[in-house]
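Undergrad: From the sequence below, what's the structure:
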Amino acid sequence: MLASPPVRSADERAGGFGPVLGAAAVCFCALFFGSGLSAVTLVWIGGLALLLAALLAAAALLGVLPAPLLDRPAAAFCGSLFGLAVWCGVTTVWSTSPDRTWTYTNRTVVYVAFALVGLFVGTRLPRSRLAGGAAVLLALLMALALLAKCVPALYSDYGRVARLRAPLGYWNELALLCDAGVPLALWVAARSRQPRARAAGAVLLYGLVLTLLLTYSRFGVALACVAAAAWIFLDRKRVESLAALAVGGGAGTAAFGIALALPGITNDGQPRSVRAHDGWIFALVIVAGAALVAIAARALAQREVAPERRARIERVAGLAALGLTVAGLAVSIAFGGSVWSDFTNPGSQLSNSVSHLGSAKSNRWIWWQEAWHAFTRHPGGGTGAGTFELTNQMLRQAPVVVDEPHNTPLQFLSETGIVGFLLYLGVAGGALWGAWRARRDPAGLAVGLAVAAFFVHSVFDKDWNYVATCGPLLFLAGALLAHPRPAPARQPLLAACAVALSLAAVYSVVSPWLAQRELAKGTPASFASAHSYDPLSVDALQGRAAYDDLAGRYRQADRLYRDAVALEPQNAETWYALGVFYFEHRAWRRAYIALNNAYTYDRFGAFARPCDLLDQARTKAAGYTPPKLKCPVSKRPASP
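TA: This next block holds a predicted model:
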């Protein structure tokens, strides 16, 4: 018996509207509150994504929602992403920092949840609404980012460094979202039927271009140009896209030129008064530019373009693109050697000022070499997921510490070996396969180019570290791969297993954060509690050891310090803590061995300074002071 229309519509609302709202809420939280690398944001945003994925999976297994069809691209994407999360967890066994590996595994598990949510929601959400929703969220994000530049109270750190980065906390990730938004804005501007909607697309493109230029991201600017060119080449309404680019992109570039004349907007180290004064001027520039773009785009949208004129414009644009390509090749040949030399020999610390846009200098080449070195030493399983910081400390040639090599595929190759690298390629291959398959639908093409921009950008940056970008973009990849199929027979046992697995994942994500909260209390009981939450934490072991040492329990403290070293034997900090312990107890030879190991794994740490603990322990262990070393020997060690 068929359901009556009121019953059927209620069922559709329960099965379609609710999951879409939940997915939109999770993506909104990731974009606007997932800034930086904070463990707190990963806990609550990741927990929401995991619970939503479990509910959707259980609903599908119980026949409430249609289950997604796992064809070859979807199977490759989901299987590789799930396998990557599992393999990251496996590398904990041999990781140089199991605690970091656990955290990185949790991060990857959260991304699996985002992708699964996209896969389930995509079965009920048309691609046009998916692209429209993504464009709306990006428009809100760009508005907030530009507002924070105009109002000093919203982001006080712009007084130190002016590069635009709020609300994500990292300029290159904000640039990535701008790159992903370019094809979506062009889709709105070229494919909408209403002149008002086309004008909105041009205004969005204007905001994206202005925001992107204020991030000073060199690769972000280049990738945005490639994304726009790809859209124009693949979409049939090229004239409308060219008009939107001319109006929105040109106005955004002009507004950036005005911003360069305002020290409070683009100069570092400006006082609050200057930032406030230039902020309201820049706000007027932004509003005036948006109004002019809207008027011009709406006027152009109301004009019909004859087929003959359309073909002429496309030919002229094609010749112009060909000329620019030839000119670019000529410039590359003429200056390629110097650009490569600047890239591979960055010299001193790089500037974050606007001059960053015109420079090819970068430390990435050095970090890539360090990552490759770690892979050649551990080709099978790597050093453990999330452990590049220890690799960098051991191999760095300058006192600059980074946690990632700024190249996601190379990062997985270094940290998880060839297995993790191949799994990551499977994730990228499945997503790009789905993006290519969706190119015939304009909305699918726009979303596919946004997903492609994400994987291309990951070759030059540490995108996997940021839930604010990685989560929503993997959600889009999953939604793009979704195809509905009839609901299978009810499987309550599998539904219960999905919920249980999700709860276990939530506990895994929450446990390290709970351990950090206990560590912050700084009491013996809190250190024990932190160790129970996170048995892989060396901070918990060292905290307990310090209290045992104060209580006169030398053997217990010695055992705990050595347990911390056994957990992370290539971490200079664990060796240094052990060396300080031996130094305070006048075990000179043991102190020298431990401190020398700390120096081996980090030649630029505080313990590597002349006449510090290492030199003092060496003279005490040897029983004499070398003629060239004249250091005052103190009974208490210097603070690290």
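
Undergrad: can you give me the helices in the stretch 1-150 of the chain?
TA: Counting by DSSP state H, counting those that start in this stretch, the stretch 1-150 of the chain has helices at residues 5-12, 18-33, 39-61, 72-90, 98-121, 127-150.

Undergrad: which stretch among the ones you listed comes nearest V427?
TA: helix 72-90 (4.5 Å; Cβ to Cβ). Every C-beta, even on glycine, is put in place using the N, C-alpha and C of the backbone.

Undergrad: how many degrees apart are the closest one and helix 98-121 in direction?
TA: 160 degrees (axes from the mean of the first three to the mean of the last three Cα atoms, to 10 degrees).

Undergrad: can you list the residues that contact helix 72-90?
TA: By Cβ atoms under 8 Å, 6 or more residues apart in numbering, the residues outside helix 72-90 that reach it are 68, 70, 101-102, 104-105, 108-109, 111-112, 115-116, 119, 381, 385-386, 412, 416, 419-420, 423-427, 429-431, 433-434, 437, 474, 477-478, 481-483.

Undergrad: Quick one: mean pLDDT for it?
TA: Per-residue pLDDT values over helix 72-90 give a mean of 96.

Undergrad: Could you list the buried residues of it?
TA: Buried residues in helix 72-90, counted by 16 or more other Cβ atoms under 10 Å: 73-74, 76-78, 80-85, 87-90.

Undergrad: And stretch 18-29, by the same measure?
TA: For stretch 18-29, the buried set under the neighbour-count rule, 16+ other Cβ under 10 Å, comprises 19-20, 22-24, 26-29.

Undergrad: Then stretch 305-321?
TA: In terms of neighbour count (16+ other Cβ under 10 Å), stretch 305-321 has its buried residues at A317.

Undergrad: now do stretch 131-143
TA: So stretch 131-143, judged by 16+ other Cβ under 10 Å, has buried residues 131-139, 141-142.

Undergrad: I'd like these as a markdown table, with pLDDT and distance to R589 appended.
TA: What follows is those, written out as a markdown table (pLDDT from 0 to 100; distance: Cβ to Cβ, whole Å):
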| residue | pLDDT | distance to R589 |
| --- | --- | --- |
| A131 | 95 | 67 |
| G132 | 94 | 70 |
| G133 | 95 | 65 |
| A134 | 96 | 62 |
| A135 | 96 | 66 |
| V136 | 96 | 66 |
| L137 | 96 | 61 |
| L138 | 96 | 61 |
| A139 | 96 | 65 |
| L141 | 96 | 58 |
| M142 | 96 | 61 |
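
Undergrad: Tabulate the residues you listed (a markdown table), appending distance to F581.
TA: Output for these, formatted as a markdown table (distance: Cβ to Cβ, whole Å):
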| residue | distance to F581 |
| --- | --- |
| A131 | 59 |
| G132 | 60 |
| G133 | 56 |
| A134 | 54 |
| A135 | 57 |
| V136 | 57 |
| L137 | 51 |
| L138 | 52 |
| A139 | 56 |
| L141 | 48 |
| M142 | 52 |
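
Undergrad: Who are the contact partners of H483?
TA: By Cβ under 8 Å, 6+ apart, the neighbours of H483 are 68-69, 71, 74, 123.

Undergrad: Show the buried residues in those.
TA: 68, 74, 123.

Undergrad: do you know how far the second one is from R586?
TA: Which is A74. 64 Å (Cβ to Cβ, to the nearest Å).

Undergrad: next one: the first one
TA: The gap separating P68 from R586 is 66 Å, by Cβ to Cβ.

Undergrad: likewise the last one?
TA: To R586, T123 is 69 Å away according to Cβ to Cβ.

Undergrad: Closest to L300 out of the contacts of H483?
TA: T123 (37.1 Å).

Undergrad: pretty sure the closest one contacts L481?
TA: No: with contact defined as Cβ atoms under 8 Å, T123 and L481 do not form a contacting pair (10.2 Å).

Undergrad: Give me the common contacts of those two.
TA: Common neighbours of T123 and L481, counting by Cβ under 8 Å, 6+ apart, are P68.

Undergrad: For S355, grab the count of nearby residues.
TA: For S355, the count of nearby residues is 11 (other Cβ atoms under 10 Å).

Undergrad: cool, and the one 3 residues further on?
TA: Here the count is done by other Cβ under 10 Å, and G358 has 8 residues near it.

Undergrad: Now name the helix or strand holding the closest residue to A200 other than its chain neighbours.
TA: Closest residue in space to A200, ignoring its immediate chain neighbours: V188 at 6.3 Å, by Cβ to Cβ, 6 or more residues apart in numbering. In this assignment (DSSP states H and E), V188 forms part of helix 171-191.

Undergrad: What residues of that helix count as buried?
TA: For helix 171-191, burial by neighbour count (16+ other Cβ under 10 Å) applies to 171-191.

Undergrad: hmm, back to that, would you reformat the buried residues of stretch 18-29 as JSON lines and include pLDDT and distance to V331?
TA: Conversion of these to JSON lines gives the following (pLDDT from 0 to 100; distance: Cβ to Cβ, whole Å):
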{"residue": "P19", "pLDDT": "86", "distance to V331": "50"}
{"residue": "V20", "pLDDT": "90", "distance to V331": "47"}
{"residue": "G22", "pLDDT": "92", "distance to V331": "49"}
{"residue": "A23", "pLDDT": "93", "distance to V331": "44"}
{"residue": "A24", "pLDDT": "94", "distance to V331": "44"}
{"residue": "V26", "pLDDT": "95", "distance to V331": "44"}
{"residue": "C27", "pLDDT": "95", "distance to V331": "39"}
{"residue": "F28", "pLDDT": "95", "distance to V331": "42"}
{"residue": "C29", "pLDDT": "94", "distance to V331": "43"}
